[in-house]
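Colleague: coords below, sequence missing:
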């Protein structure tokens, strides 16, 4: 059984998709053992609704120490950054190397790095008139969005694509490749 811990900051849509995949035996060898947030967010409500343990941490100088303490206590097989907006420090990245994965709304390395998340990525794709976009699941390292790529999927933009339509399509891709990545791992 793979023990999963989610680190969240937002709506938790990818986490909710994983919860449903576990409930429907699509991911029959996984269990979410803890949800850690760095702020009050909608994702915590999903944890509450499904009886998953959760901890909401303060974004202070002890954030990373507190995250590490929880990881040591629960010993997950996989740590999933799901819209987690705090950048993990080098100590956590090295200590938990090969266990932390992230889903990114572009085909890395394009549009990766600090400050590149969510609609900010889609806005650049539209602004730059890119023909393709997509999503990438990768291991987290000390260098943002630069870890080994587990899986990526390309999406060919339509002529009338806008930020909202692109966001919805990439979100759908993210959910699929996150599940596939967990199956691979």
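Modeller: Cool, got the structure. Remember, predicted model here, so these are calculated numbers, not experimental data.
Colleague: could you say which helix or strand contains the residue nearest to residue 9 when sequence neighbours are not counted?
Modeller: Distances taken as Cβ to Cβ, 6 or more residues apart in numbering place residue 85 nearest to residue 9, at 4.1 Å, with adjacent residues excluded. Using the backbone N, CA and C atoms, a C-beta is placed for each residue, glycine as well. Counting by DSSP states H and E, no helix or strand carries residue 85.
Colleague: Count the residues that sit near residue 85.
Modeller: By other Cβ atoms under 10 Å, the residues close to residue 85 number 15.
Colleague: With residue 160 instead?
Modeller: Neighbours of residue 160 using other Cβ under 10 Å come to 6.
Colleague: Quick check: the gap between it and residue 126.
Modeller: From residue 160 over to residue 126 the distance is 11 Å, taken as Cβ to Cβ, to the nearest Å.
Colleague: repeat for residue 41
Modeller: Distance from residue 41 to residue 126, by Cβ to Cβ: 26 Å.
Colleague: which one is residue 87 nearest to, not counting chain neighbours?
Modeller: residue 144 (6.4 Å).
Colleague: list the contacts for that neighbour?
Modeller: Residues counted as contacts of residue 144 (Cβ atoms under 8 Å, 6 or more residues apart in numbering) are 87, 112-114.
Colleague: ok, which pair from these is furthest apart?
Modeller: Checked with Cβ to Cβ, the contacts of residue 144 reach their widest spread between 87 and 112, with 12.5 Å between them.
Colleague: Among these two, which residue is more densely surrounded?
Modeller: Using other Cβ under 10 Å, the more surrounded residue of residue 87 and residue 112 is residue 112, with 20 against 13.
Colleague: Quick check on residue 67: phi, psi?
Modeller: phi -60, psi -50 (degrees, to the nearest 10).
Colleague: residue contacts, it?
Modeller: Residue 67 makes contacts with 7, 36, 57, 88, 92, as judged by Cβ under 8 Å, 6+ apart.
Colleague: name the element the residue of the chain most remote from its centre belongs to?
Modeller: Here the chain reaches farthest from its C-alpha mean at residue 159, the gap being 28.5 Å by Cα atoms, centre = their mean. Take DSSP H and E as the rule and residue 159 turns out to sit in neither a helix nor a strand.
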